[in-house]
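**Q** please find the sequence and the predicted model below.
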Amino acid sequence: MMTILARLGCIYGWGESQVAKLAPLLALAARLYVARAFFLSGLTKIRDWDTTLLLFTEEYHVPILAPAVAAPLATAGELVLPVLLVLGLFGRFAAAGLFVVNIVAVISYPDLGAAEIKDHVLWGVMLVYLVVHGCGAWSLDRFWQRRYTK
């Protein structure tokens, strides 16, 4: 006869296995959520390049890089890395790159309000999760691993 602790252990184990099945969905949701924010920011920058250059010259104070270098790098990062992240292709690299873009954005723009800081913290946490855990089972990285690393 099974003891109460053994039954609780079985129930807990079953619950764990059910929740673990949600991991690919959570990773995909995080990838889509973060990628959307950065990609839309990149689109905004590319729509009016003169304004983007002006903002990087007058408003954003990117450390070390000149505005003429920082603007195209930030824009390219915000347009390319989210696509890689959504696809889950070189996902850890994309998440790490966006984490750097996120940190530089917070450092470079001192007039961020509390709500904007919370957004950046949320994105940062999601990106760290993706760097540590990868993009999950529903990614091209995982497909590639299964296919070519047997």
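**A** Perfect, thanks for sending it.
**Q** point out where the protein drops to low pLDDT.
**A** Along the chain, the parts satisfying pLDDT under 70 run over 1, 150.
**Q** mind listing the strands for it?
**A** Counting by DSSP state E, the chain has no strands to list.
**Q** report the central residue of it.
**A** residue 127 (3.8 Å; C-alpha atoms, centre = their mean).
**Q** what's the longest helix in this structure?
**A** Longest helix of the chain, by residue count under DSSP state H: helix 23-47.
**Q** and that one, what's buried?
**A** For helix 23-47, burial by neighbour count (16 or more other C-beta atoms under 10 Å) applies to 24, 27-28, 30-31, 34-35, 37-39, 41-42, 45. Every residue, glycine included, has its C-beta placed from N, CA and C.
**Q** before we move on, the earlier item: wait, what's in contact with the closest residue to the residue nearest to the centre of the chain other than its chain neighbours?
**A** Leaving aside its sequence neighbours, residue 127 sits nearest to residue 99 (C-beta to C-beta, 6 or more residues apart in numbering; 4.3 Å). The contact partners of residue 99, by C-beta atoms under 8 Å, 6 or more residues apart in numbering, come to 124, 127, 128, 131.
**Q** hang on, residue 74 packs against residue 44?
**A** No: using C-beta atoms under 8 Å, residue 74 is not in contact with residue 44, being 11.3 Å away.
**Q** from residue 26, how far out is the residue lying closest to residue 61 once chain neighbours are set aside?
**A** In this structure, residue 61 finds its nearest non-sequential neighbour in residue 108, 5.4 Å apart by C-beta to C-beta, 6+ apart. Distance of residue 108 to residue 26, given as C-beta to C-beta, to the nearest Å: 30 Å.
**Q** next one: residue 76
**A** Distance from residue 76 to residue 26, by C-beta to C-beta: 28 Å.
**Q** same check, this time on residue 105
**A** For residue 105, the distance to residue 26 - C-beta to C-beta - is 25 Å.
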